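**Q** heads up, no residue letters with this:
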Ligand SMILES: *Cc1c(COP(=O)(O)O)cnc(C)c1O
């Protein structure tokens, strides 16, 4: 039996994609072998690699002066790759809005003069600081943000104005869930395992001019220019993950693209937040304007009830609702692949649980 899996990552994949992958598992496209078994230098795999890139370009409307590369190591590796690839003045400004933003900042500080220019820490990360251009150092190489904060459940609303300083964004937990104007960003990176596909592949979208002066000590494996020149095939790529990602891209295109997903995601989020806000039993502390469309943390009146909620929900086929250990409570991750029926099933369970426990 398939369950509704509310895990923050790895997370649900669209059922039609899983079925397609299953049907192609033993013999991909007449090759007589699985994508797992095939040379990444084969024509068949080169087609997968090229289609994954062209579909992502189409879905996100990525301008031609940007490279799109598929690498390994997860978003966490990009925390380090970023200051090693963009380091003209060895200065970078960070907006710290949660756990991953803080990790990115700390990693960068090993390689560059990283400065936290704004933080939501004193507000318990329940909002996003509204940046104004004067807070950035004019000679910073880039400004880093975490666009959607997976653990605390906040998000930026559009790209902040950095008065021309390149903007780098970790979009791991929201890529392809809402429309973003790629041209406002210098770098976008995202691990696949939340909104795109299985863990293993990481997407990097970078303006070509920002790849040209990596640090001399940048490891080859972290160098965007190398991967771009080799079309992400410098060494053995995470081929199976990239293939599943390509199938997800095809599926998203068939669903109507990112705008259609955004509409659906806004409807799902509105239903869940609306229910929580109307309830006297459940609470979400995030300032409404900055609420994530993807990750919805909430608490019941006590920690005991939170624990009971999570275990009873699991018995009802609603899995992985336990909040991150740093914030406690519950968290429902409702990425692209979570259907509206899953959100409705969750709300149905929440109603029942409240009646039985208030
Ligand atoms: C999950 C997550 C990460 C970490 O991703 P890995 O692929 O495990 O390195 C980084 N940033 C954000 C916003 C995330 O949600």
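**A** Sure thing, it's come through. Here the structure is a predicted model, which is why all the values come from computation and not from measurement.
**Q** please enumerate the strands of the stretch 151-300 of the chain.
**A** 154-155, 167-170, 187-191, 202-207, 295-298 (DSSP state E, counting those that start in this stretch).
**Q** can you tell me which helices and strands the shortest one packs against?
**A** Read that as strand 154-155. strand 148-149 (3 or more CB pairs under 8 Å, 6 or more residues apart in numbering; DSSP states H and E). Just so you know, the C-beta spots here come from the backbone N, C-alpha and C atoms, and that holds for glycine as well.
**Q** identify all contacting residues around the strand it packs on.
**A** With contacts defined as CB atoms under 8 Å, 6 or more residues apart in numbering, strand 148-149 is touched by 97-101, 125, 154-156, 171-174, 177, 292-295.
**Q** and the chain, which residues reach the ligand?
**A** By CB under 6 Å from any ligand atom, the residues of the chain that approach the ligand are 9, 74-76, 100, 146, 150, 170, 172-173, 191, 194.
**Q** check the secondary structure at residue 22 for me.
**A** helix (DSSP: H, G, I helix; E, B strand; the rest coil).
**Q** measure residue 299 to residue 352 for me?
**A** For residue 299, the distance to residue 352 (CB to CB, to the nearest Å) stands at 18 Å.
**Q** so for these two, which sits in the more crowded spot?
**A** residue 299 (21 against 12; other CB atoms under 10 Å).
**Q** the spatially closest residue to that one that is not a sequence neighbour - how many residues pack around it?
**A** The shortest distance from residue 299 to any non-neighbouring residue, by CB to CB, 6 or more residues apart in numbering, is to residue 329 (3.6 Å). Close neighbours of residue 329, defined as other CB under 10 Å, add up to 22.
**Q** residue 329 and residue 304 touch, don't they?
**A** No: the pair residue 329 / residue 304 is not scored as a contact, 11.9 Å apart, by CB atoms under 8 Å.
**Q** now the helices: where do they sit in this structure?
**A** For the chain, the helices defined by DSSP state H occupy 15-23, 43-60, 74-85, 99-108, 224-229, 239-254, 257-278, 303-315, 340-357.
**Q** tabulate the ones you listed (a markdown table), appending mean pLDDT and distance to residue 166.
**A** Putting the helices of the chain into a markdown table (pLDDT from 0 to 100; distance: least, CB to CB, whole Å) gives the following:
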| stretch | mean pLDDT | distance to residue 166 |
| --- | --- | --- |
| helix 15-23 | 98 | 34 |
| helix 43-60 | 98 | 18 |
| helix 74-85 | 98 | 10 |
| helix 99-108 | 98 | 14 |
| helix 224-229 | 98 | 13 |
| helix 239-254 | 98 | 26 |
| helix 257-278 | 98 | 23 |
| helix 303-315 | 98 | 41 |
| helix 340-357 | 98 | 36 |
